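Student: the following block contains a protein sequence and its predicted model.
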Amino acid sequence: MNDDDDRRWLDEPRNVTRIVYGLAVLCALTFAADLFYTKHPHFAVEEWFGFHAVYGFVGAFALVIVAKVLRRVLRRDEDYYERGRDDG
Amino acid sequence: MTANPALLLILGAAGVPLLRGLPRRALMAAVPVAGLVLLWALPEGAASGLQFLGLELTPVRVDALSRVFATGFLIAALLTMVYAMHLRDTLQQAMILVYAAAAVGGTLAGDLVTLFVLWELAGLSSAFLIWAGRNERSHRAATRYLAVQLLSGLLMLAGIVLRVRSGAGLEFGHLGVDAPGGALILAAIGIKCAFPLLHSWLTDTYPEATIVGAVALSAFTTKFAVYTLARGFAGTEMLVWIGIVMAVFPIFYAVIENDLRRVLAYSMINQLGFMVVGVGIGGALGINGASAHAVADMVFKGLLFMSVGAVMLRTGTANGSDLGGLYKSMPQTAALCMVGAASISAFPLFSGFATKSLIMEAVGQEQLTVAWLLLLFASAGVFHHAGIKIPYFAFFAHDRGYRVAEAPLNMRAAMAMAAVVCVAIGVAPSLLYGMLPYAVDYVPYTTAHVINQLQLLLLAALAFTVLVRTGLYPPELRSVNIDADYVYRRALPQSWRALSWAADAVRGRVGPVLRRRGGELWEITTGPLRPGSRVARPWSTHLMVWWTALLLGAMLLLAFL
């Protein structure tokens, strides 16, 4: 396969890093945006500065870490349900 | 009898195997469109009834609730038919139309018997979409699928019988859990709606369907169940908590699941959870939210299944561990997949944003803090696994060297149409809001809502990025994760095998002893009666006369007493 022909902008690690920084800047902007509007919340927690941002980050992070731990309990080989079929 | 869009679809299905080439494709596209036209031409209210075996049936009843769901089903049918046009397998194409007819007819059913018949037809016709894989694995999966669907139908039938015997009649309106048969009907719906612990048929069998079949399956059965729930059990408080469990637990599975179609199946349960919460809250806002989100879900979940299906068609696999870098070969599919991903994640300007927020608003107005926090967590989670994981592992991540053709033209057309619907609902929510059962007094695009949603999603994306860059993100591995299907795929068969083995062992050990002892007992008890024994010897005449006299005397005595 001729890989050199098919190198794209995204194949350059530097560019991926740029995207990551871009995302970080966007996140910072939305976080700071909390200064500039009035909230009409249903719940008290929504009043906290940057609540949705913090909650989104912590929630997603915790989700992956917990799922990773759960995998130790739940994971089986790919043919788990097919094994022992021959006698059936 | 009045016109019924479901009958039209069934007639169309009968025509599909008779045609080939362009006429067949034209028919496949025309039938759902004609169904839509007919649906919207029907007047509101119940059409004249029909007598059958002494039962008063109402096969067609149009109101706002049934019309919005039926409209969604017909749009989904159109998208699926376009997606299926390249197939030579008319069985699948015809069965998708029958399946869609069952869902459309079911939502229009005004009585419980019609509902039950179409409930069963939906289960039966959709099983063909799994069987159509035509191999050992799909055969087994379809059998498991059909068994669960029939169990659901049986429960519903039992519930209907109890209801009719109690004199509540056949009309399909609000049922309630406490009414006679209500709990059984709720259990029947709970199976098809994938309530927790009843859910595993969905994640077990949907990913075993054919490429086209999975798209059809994703649209109809579960949303038909949501409709039935919204009609029969609106405002049942228990459903709020059932829905929250449904929204939360599958996202953990979705993160570690390798088969991308199974990831989508888990994320479907997560989305159904939001709808069930909406039904549980009830009222105008809750039912509006559940209906709107159900219709949006038929389209964006269909779009995601279509894009993963296209990848599967071209590469032969849907495993995250084997895919990556496909944006180079399938850029259009990748872009359309991301529209679906943005819609399910409820990004502003995409359909999920306009529909899911109705449910969140209902939860907010009810002041259910814990419920709201958990649903917000589930929203961040769905972006994480469906919004990022699906496009990332299929089209980006590591380039696995696939250099394949773009998806077939009809598939791309179907995906593009679905994407247009997603964006249209997102940009102009009033298109969908206008169809909802109750008047909508809610504005999704407020500064606070848009910013809060962007904060939630962008920071969740940042968390994903941090985890991937630091290597903490769990890699995609070839594996299966055990779920509730463990019970019937492993535990029950194993216990049955253990039981029969134990029974065999017991027979081997105890059997001979019992047989010997039994023989001995037989010998002892029958001994006196054998030839040569005391009783069987020839008796002398005078002994016989004595015995006769004794017996007659005893009889005489008894008669006098």
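Tutor: Perfect, thanks for sending it.

Student: low-confidence ranges in chain A?
Tutor: Under the criterion of pLDDT under 70, the regions of chain A flagged as low confidence span A:1-5, A:84-88.

Student: in it, which residue is closest to the centre?
Tutor: Closest to where the C-alpha atoms of chain A average out (Cα atoms, centre = their mean) is A:A60, at 5.9 Å.

Student: what's the separation between it and B:A461?
Tutor: Remark: distance between A:A60 and B:A461 (Cβ to Cβ, to the nearest Å) = 8 Å. Quick note: C-beta positions are derived from backbone N, CA and C, even for glycine.

Student: same question, B:S48
Tutor: Where B:A461 is concerned, B:S48 sits at a distance of 55 Å (Cβ to Cβ).

Student: kindly report the same for B:A158.
Tutor: B:A158 is 48 Å from B:A461, where distance means Cβ to Cβ.

Student: now do the same contact list for B:A294.
Tutor: Taking Cβ atoms under 8 Å, 6 or more residues apart in numbering or on different chains as the criterion, B:A294 is in contact with B:69, B:72, B:223, B:226-227, B:275.

Student: next: B:V308.
Tutor: Residues counted as contacts of B:V308 (Cβ under 8 Å, 6+ apart) are B:260-261, B:264, B:318, B:337, B:390, B:394.

Student: which of these fall within helices?
Tutor: With helices identified by DSSP state H, the entries of these that belong to them are B:260-261, B:264, B:337, B:390, B:394.

Student: circling back to that earlier point, most neighbours among the contacts of B:A294, which one?
Tutor: Going through the contacts of B:A294 with other Cβ atoms under 10 Å in any protein chain shown as the criterion, the one with the most neighbours is B:M275, at 32 neighbours.

Student: and the gap between that one and B:A294?
Tutor: Going from B:M275 to B:A294 by Cβ to Cβ gives 5 Å.

Student: any weak-confidence spans in chain B?
Tutor: Chain B contains residues with pLDDT under 70 at B:1-2.

Student: domain map for it?
Tutor: Chain B resolves into domains spanning B:1-232, B:234-478 when parsed by automatic domain parsing.

Student: most tightly surrounded among those domains?
Tutor: Here the criterion is mean neighbour count by mean count of other Cβ atoms under 10 Å in any protein chain shown, and of the domains of chain B the winner is domain B:234-478, at a mean of 22.

Student: span of that domain from start to end?
Tutor: Distances were taken as Cα to Cα, to the nearest Å; on that basis the terminal residues of domain B:234-478 are 41 Å apart.

Student: what about residue 23, which helix or strand?
Tutor: Chain wasn't specified; assuming chain A. A:L23 belongs to helix A:13-32 when elements are defined using DSSP states H and E.

Student: looking at chain B here, not the other one
Tutor: Secondary-structure assignment from DSSP H and E places B:P23 in helix B:21-41.

Student: return the distance of whichever strand or helix holds B:A502 from the chain's centre.
Tutor: Secondary structure assignment for B:A502, by DSSP H and E: helix B:492-526. For helix B:492-526, the distance from its own C-alpha centre to the chain's C-alpha centre is 44 Å (Cα atoms, centre = their mean, to the nearest Å).

Student: next one: stretch B:354-369
Tutor: Here stretch B:354-369 shows a centroid-to-chain-centroid distance of 25 Å under the convention Cα atoms, centre = their mean.

Student: about what we covered before: got the contact list for the residue nearest to the centre of chain A?
Tutor: Under the criterion of Cβ under 8 Å, 6+ apart, the contact partners of A:A60 comprise B:380-381, B:383-384, B:459-460, B:463-464.

Student: quick one: which two of the residues you listed are the most distant?
Tutor: The most widely separated members of these, counting by Cβ to Cβ, are B:G381 and B:L459 (12.9 Å).

Student: where does chain A get nearest to chain B, residue-wise?
Tutor: Among the residues of chain A, A:H42 lies closest to chain B, at 3.4 Å counting by Cβ to the nearest Cβ.

Student: quick check: closest non-adjacent residue to that residue.
Tutor: Nearest residue to A:H42 in three dimensions, chain neighbours excluded: B:G364, at 3.4 Å (Cβ to Cβ, 6 or more residues apart in numbering or on different chains).

Student: so what does whichever strand or helix holds the one you found touch, helix or strand wise?
Tutor: Counting by DSSP H and E, the element that carries B:G364 is helix B:351-365. Packing partners of helix B:351-365 (3 or more Cβ pairs under 8 Å, 6 or more residues apart in numbering or on different chains; DSSP states H and E): helix B:260-281, helix B:283-315, helix B:331-344, helix B:369-382, helix B:409-427, helix B:430-433, helix B:447-469.

Student: cutoff 7 Å now
Tutor: helix B:260-281, helix B:283-315, helix B:331-344, helix B:369-382, helix B:409-427 (3 or more Cβ pairs under 7 Å, 6 or more residues apart in numbering or on different chains; DSSP states H and E).
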